[in-house]
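Q: Any chance you could fold what I've pasted below:
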Amino acid sequence: VIRSDTQRAALEGLRDLGDPSVRPLLDALKEGALYSWKGAVYRFTDEGTFVDLDGVPLLDSAGEALFPDDMETVPLEEDNIPLVRRILDGLDLFSADAATRKSTVRRLGNLQDGAVIPMLENALAQEQDASVQAVLRESIDKLRLASTDPNVRLEAIRAFGASRSESALSRMKALRKTETDAAMIAAIDEAVKRIEDYLYLRNAVGYVFNGVSLASVLLIMSLGLAITFGLMGIINMAHGEMLMLGSYTAYVLQELFTTAFPQYLDYYFVAALPLSIVVVGFVGVLMERGILRFLYGRPLESLLVTWGIGMMLQQGARLFFGDQTSVSPPTWFRGGWEIMPGLIFPYSRMFIMVLSLLSLAVVYLLLYRSTVGLKIRSVMQNRDMAACMGISSRTVDTLTFALGTAMAGLAGCALSLIGTVDPEVGKTYIVDSFMVVVLGGVGKLAGTVIAALGVGMSNKILEPLIAGTAAAVYAKVAILVLVIFFLQLKPTGLFPAKERTAAGAVR
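A: Prediction:
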């Protein structure tokens, strides 16, 4: 390696050897940290010492690190730099880490250098991981697209069409512009069409999943509104801030576990879910007992008061927590399920979907299959008759409002898994939640479910169609117009509620 006229031969010998133990030597040569002294070769390490090829430190007679003045740097010839890089890439192809192997394969596949094909084919023959095998085949086919043999190119094109590889789409379109063979052009067109059809299907499935994911959040939040607005007749403009409090409950508990119980950090969310229900439900009790109980039958006053409470909660959160914080999901919520190549359903969003269904089931059983639910419905339908039957309407009012706010807190805790936590997080969902309740029919769970799906899906379908930086805003406006139009056709919603009196009771 020391003499320039023999350096390339030595490097080719190391390449053919394929021994991972030569990596430190090659890294040192590439970085200019390889030296020769008295016929031997030494590496200068990050620790500031010289070691030989076996890793033994260079020491003097007293056992101290030796730094000879007559050491000479072993230069890497410029012509040999690509060879060293190829050798290191070859070593990375057999790394114990699958992620390292994948990144190396992708990098080699993008070089458009057919000389690395034998190296990749050798790695493919020895690879055991299916995901790495797929990347190897794709990279080999990418390199074959530049082959001078039309049969090789045709085989690669057909392989991309069969695998519906998105990463090869741009390269095949570029090849289509330069290709003159009619059979080759037809094969390219067929492969491109298959890939584009697959991408269309994958995007459609992704939009549906995102729409259902948004609908799940809206459903949990709208269940609370369906209770407070639908059953009690209270327009709670602070409902979005109840969601915010649920998110901050998760954040505070995460910080507590990080400081006091770091070994159990993954379990903070298990405690945060029920605690968010309790904390936000308690806030609902304070609101109902302290203020709202005096405003029943006065919708305008209740709207203004709850809007003011929401503003106070926002500013309080901003002063105490700052403008933006975040919650780190537990390890079991990280990652996702790859349902289609290139399309991953995150575990956190799938959990929120399941949580929304469980919340719906609990609310239904509570309202329609329990004694508590019977009392709630009896008070809302005929307060005087319920009082004559010994039911405390005041207690029922408090519990009902607390239940509605607790559902918003649960939604906020779940939402912290997939977004930032900030004082205005509730504003993102409060308008959509009111649209869900009004469109579905106030007080009607079945209508709430259908409306949540409709609003959620409409959001995620309209946003990519409208495009642009303000797509989300325009999509909400479009949905609002659709809701108004629908209500003109069916003024009482999908599942109309019974006529309400000014006092909020149902006749």
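
Q: Show residues contacting the one helix or strand Ile352 maps to.
A: Using DSSP states H and E, Ile352 maps to helix 347-368. Outside helix 347-368, the residues within contact range by CB atoms under 8 Å, 6 or more residues apart in numbering are 209, 212-213, 215-217, 219-220, 223, 227, 329, 332-337, 372-373, 376-377, 403, 407, 410, 414-415, 417-418, 445, 449. For glycine as for every other residue, the C-beta is placed from the backbone atoms N, C-alpha and C.

Q: I'd like the next helix or strand past the longest helix along the chain.
A: Ranked by residue count and defined by DSSP state H, the top helix of the chain is helix 182-225. Next in sequence after helix 182-225, counting helices and strands by DSSP H and E, comes helix 239-260.

Q: Mind checking the pLDDT average for that next one?
A: Averaged across helix 239-260, pLDDT comes to 92.

Q: Please spell out which residues along it are buried.
A: Residues of helix 239-260 classed as buried: 239-254, 257 (neighbour count, 16 or more other CB atoms under 10 Å).

Q: In PDB, list the C-alpha atoms belonging to that helix.
A: The C-alpha coordinates for helix 239-260 follow below in PDB (Å, rounded to 0.1, in the frame of the first residue of the first chain):
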ATOM      1  CA  HIS A 239     -65.100  22.300  24.100                       C
ATOM      2  CA  GLY A 240     -62.000  22.700  22.000                       C
ATOM      3  CA  GLU A 241     -60.100  23.800  25.200                       C
ATOM      4  CA  MET A 242     -61.300  20.600  26.900                       C
ATOM      5  CA  LEU A 243     -59.500  18.800  24.200                       C
ATOM      6  CA  MET A 244     -56.400  21.000  24.800                       C
ATOM      7  CA  LEU A 245     -56.500  20.100  28.500                       C
ATOM      8  CA  GLY A 246     -56.500  16.400  27.700                       C
ATOM      9  CA  SER A 247     -53.400  16.900  25.500                       C
ATOM     10  CA  TYR A 248     -51.600  18.800  28.200                       C
ATOM     11  CA  THR A 249     -52.600  16.000  30.700                       C
ATOM     12  CA  ALA A 250     -50.600  13.600  28.600                       C
ATOM     13  CA  TYR A 251     -47.700  16.000  28.300                       C
ATOM     14  CA  VAL A 252     -47.500  16.700  32.000                       C
ATOM     15  CA  LEU A 253     -47.700  13.000  32.800                       C
ATOM     16  CA  GLN A 254     -44.900  12.300  30.300                       C
ATOM     17  CA  GLU A 255     -42.700  14.900  31.900                       C
ATOM     18  CA  LEU A 256     -43.400  13.400  35.400                       C
ATOM     19  CA  PHE A 257     -42.500   9.900  34.300                       C
ATOM     20  CA  THR A 258     -39.400  11.200  32.500                       C
ATOM     21  CA  THR A 259     -38.200  12.800  35.800                       C
ATOM     22  CA  ALA A 260     -39.500  10.400  38.500                       C
END
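
Q: in the stretch 401-507 of the chain, which spans are helices?
A: Secondary structure of the stretch 401-507 of the chain by DSSP state H, counting those that start in this stretch: the helices cover 427-440, 445-466, 471-489.

Q: Confidence-wise, which of the ones you listed is weakest overall?
A: helix 471-489 (a mean of 60).

Q: Quick check: nearest residue in space to Gly281, chain neighbours excluded?
A: Nearest residue to Gly281 in three dimensions, chain neighbours excluded: Ala406, at 3.6 Å (CB to CB, 6 or more residues apart in numbering).

Q: residues near that neighbour, how many?
A: Ala406: 25 surrounding residues under other CB atoms under 10 Å.

Q: Next: Glu77.
A: Per other CB under 10 Å, the neighbour tally for Glu77 reads 13.
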